[in-house]
Structures are given as C-alpha cells and as structure tokens.
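# What would the 3D arrangement of this be:
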Amino acid sequence: MKQPDRFGIMVLSVAAAIAVLLSVMAYFSTNSAALPNIAGTIAAPFRAAAAAITETVDGWKDYVTEFDQLKEENRQLKLELAEKEAILRQAELDREENARLRKLAELREQRRDLHFESARVLAQDDSNWSSLLTINKGTAHGIQTGNCVVTEEGYLIGIVTEAGLNWATVRTILDSGSSVGALVFRSGASAVAQGDFALMGQGRLSLTYLGTDPDLAYGDLIVTSGLRGYYPAQLVIGSVEEVRSSDDGLDQIAVVRPAAELEELEQVFVITSFDIVDSQVYIVYEDDLAE
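The predicted structure follows:
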C-alpha cells in the first residue's frame, strides 16, 4: 500500500488550521462582545476588592479627620470651662472680700478710735513651737512692730513682731511667746491671755493670773484690757471653755478658745494706730462667737 505523501499531509494540516482560524474569526465577528465579557468577568473581583479598599481608606480618612476635629472641640471646651471656673472662683473671692469689707465698715463705725490697714496672708507657719503669719504689707504702709492684727469682726489674731518694707511677721495669740493684758468682759476681772505649749496643738490659749477664786464661768468673753496703752482695749480674744487649777495648784487658769478662725485666714487688718479713750464700752454679740 502506498504511503501518504508528506507534502499532502502538510497541505491538509494547514488547510485544517486555516479552517479553524476562519471559524473562530467568524464566531468573534458575530459575537464581538465575548472577549471583553470574559476579561470583565475575570477583572470583576479585583475591581470589587479595589473599590472596597478605596472605601475603607476613605472611611479611615474621614474617621481621622473627625477625630482630630473632636479633639480640637474638646480642647476648646476645656479652655472655656477653665475660663468659666476661673471667673466663678474670682467672683467667689470678690464676694468673700466684699463681705469682709462690709464687716470692717461696721467695725470702723463702732470703733472710730481704730485705724486699719488691710493685708493678705502670704504664709502661715504653725507648729508645736510657734504660730506665725507673714503678711504682704509693711513699713511702707504704716505697719510697725507692736501693731495688733485683727479680723474684719475685730477679733484679735496677734501682734506684729517684725516689719519689712512690704512684709511683716505676725505672732498669733496661740504662739507660746504671745502675751497680752486681758479682761473678763462680764466681771471686769483682769488677767493675762498667753500662748501655751500644751494648748497650741488644740488651737487654744490660756488665761492666767486669775487668783485662787476668780469670778469666771464657762462661755465668759475675754477681751484686751488696753492697760498702759500698749494695745487697744476691748478687742475680742475669745471665750472661756474650761477653768482649772494651775500645775502648782496655787492659782486658777482658764482655757480660752480664740474668736478668730486662725486656720482659715486669708485677709487680715492691722491696727496701725488707735486713740486712747477712757471708759470704752462696746457691744459684743456672744452668739456670733458660738457659731
């Protein structure tokens, strides 16, 4: 049997390939959208993923922008709150100062013999050994050593022991080195009000030189005597809490609660000068001291 000619086989193969190519071309010429459809189908998941990524990134950008805006708004609100709190604090300070000045005006009306200089408390040094204040006024304002220092109600705080140009040191009536002539307001009995080591920690002072049988009772008001003109008379020192025997048993002493709230002082009034007036009698409301 004769073998097929190789040339003939090649011609048939080429003819077959051409026929297939023509068929494919004919198919795509009549269905021109097929290839783009296939490409679109393949690309669709990638497009969806890209869109999701873009959406997520945009969302994070919006979140970061909004977060920054919220931070700025929060900062502004904090600033506004701090400013309003400062205004409220200042208003409260002004209210308290106005109240003190009104009381001082009343005291000035009652005690026209006294001349005052207002001062702020800069520091307070309280220990078992001393009780001192530093105030922001001094010799430039007429303040001298020996001046009495009082509250706006006229309650005795202490005595100026040292004065600089724009500052002064005040030894309070609780200090163990403090001593001032005193009177029992009810009976007129004389005594000495002085600081006491044993009582300082309790915020109390002692009343001594009362004798063995003093006319003294719980709640009696103690005021300055003004003897020899060293200090003004009738400044309220405090009230009697207890009467007991002295350590040697030869005398009676009294424990006195100061009328001034020495732990809460912010503003004080220094008596820079006073007129000595005989037979001074002043009205003191003991109910105020009991509060």
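
# what's the span of stretch 162-169 from first residue to last?
This stretch, stretch 162-169, spans 5 Å end to end (C-alpha to C-alpha, to the nearest Å).

# Give me the residues contacting that stretch.
Stretch 162-169 is contacted by residues 119, 122, 132-141, 143-145, 160-161, 270 when judged by C-beta atoms under 8 Å, 6 or more residues apart in numbering. Quick note: C-beta positions are derived from backbone N, CA and C, even for glycine.

# hmm, which of those residues are the buried ones?
Burial by neighbour count, judged by 16 or more other C-beta atoms under 10 Å, picks out 119, 132-135, 137-138, 141, 143, 160-161, 270 from the contacts of stretch 162-169.

# and which of the residues you listed is nearest residue 261?
Nearest to residue 261 out of the buried ones among the contacts of stretch 162-169 is residue 133 (C-beta to C-beta; 13.0 Å).

# Please save the CA atoms from the strand or helix carrying the closest one in PDB.
Here residue 133 sits within strand 131-135, counting by DSSP states H and E. The C-alpha atoms that make up strand 131-135 are tabulated as PDB, following Å, rounded to 0.1, in the frame of the first residue of the first chain:
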ATOM      1  CA  SER A 131       2.300  80.100 115.400                       C
ATOM      2  CA  LEU A 132       3.300  82.800 112.900                       C
ATOM      3  CA  LEU A 133       1.800  84.600 109.900                       C
ATOM      4  CA  THR A 134       3.600  86.500 107.100                       C
ATOM      5  CA  ILE A 135       1.500  89.300 105.500                       C
END
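
# Parallel or antiparallel, list what pairs with the helix or strand following it.
Going down the chain from strand 131-135, the next helix or strand is strand 148-150, by DSSP H and E. Counting by DSSP bridges, the strands paired with strand 148-150 are strand 156-163 (antiparallel), strand 267-274 (antiparallel).

# wait, which of those is closest to residue 180?
Residue 180 sits nearest to strand 156-163 of all the strands paired with strand 148-150, at 7.2 Å, using C-beta to C-beta.

# can you give me the angle that closest one makes with strand 131-135?
70 degrees (axes from the mean of the first three to the mean of the last three C-alpha atoms, to 10 degrees).

# before we move on, back to that, which among the strands paired with strand 148-150 is found nearest to residue 75?
Set against residue 75 and scored by C-beta to C-beta, the strands paired with strand 148-150 come closest in strand 267-274, at 35.8 Å.

# tell me the mean pLDDT for that closest one?
On average, the pLDDT along strand 267-274 is 93.

# List the contacts of it.
Outside strand 267-274, the residues within contact range by C-beta under 8 Å, 6+ apart are 97, 100, 104, 113-121, 133, 135, 137, 141-144, 147-152, 157, 160, 168, 170, 232.

# In ChimeraX, how would I select the buried members of those?
Buried members of the contacts of strand 267-274, defined by 16+ other C-beta under 10 Å, are picked up in ChimeraX with:
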select :100,104,114,116,117,118,119,121,133,135,137,141,143,147,148,149,150,151,152,157,160,168,170,232
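
# Give me the domain ranges for the protein.
The record's domain parsing of the chain by automatic domain parsing lists 37-110, 115-290.

# Mean pLDDT lowest where, among those domains?
Lowest mean pLDDT of these: domain 37-110, a mean of 71.

# got a list of what the closest residue to residue 269 other than its chain neighbours touches?
Counting by C-beta to C-beta, 6 or more residues apart in numbering, the nearest residue to residue 269 once its immediate chain neighbours are dropped is residue 116, at 4.5 Å. Residue 116 sits next to 104, 108, 269-272 when contact means C-beta under 8 Å, 6+ apart.

# So what are the sheet partners of the helix or strand hosting residue 116 and their directions?
Following DSSP H and E, one finds residue 116 within strand 114-126. Note on strand 114-126: by DSSP bridges, its sheet partners are strand 131-135 (antiparallel), strand 267-274 (antiparallel).

# what about it, distance to the chain center?
Put simply, strand 114-126 sits 20 Å off its chain's centre (C-alpha atoms, centre = their mean, to the nearest Å).

# As TSV, the strands paired with strand 114-126 with distance to residue 60 would be great.
Below are these laid out as TSV (distance: least, C-beta to C-beta, whole Å):
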stretch	distance to residue 60
strand 131-135	59
strand 267-274	58
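
# Minimum distance to residue 257: which of the ones you listed has it?
strand 131-135 (14.6 Å).

# And the contacts of that closest one?
Counting by C-beta under 8 Å, 6+ apart, 119-126, 149, 157-158, 167-172, 174-175, 178, 195, 200, 262, 265, 268, 270 sit against strand 131-135.
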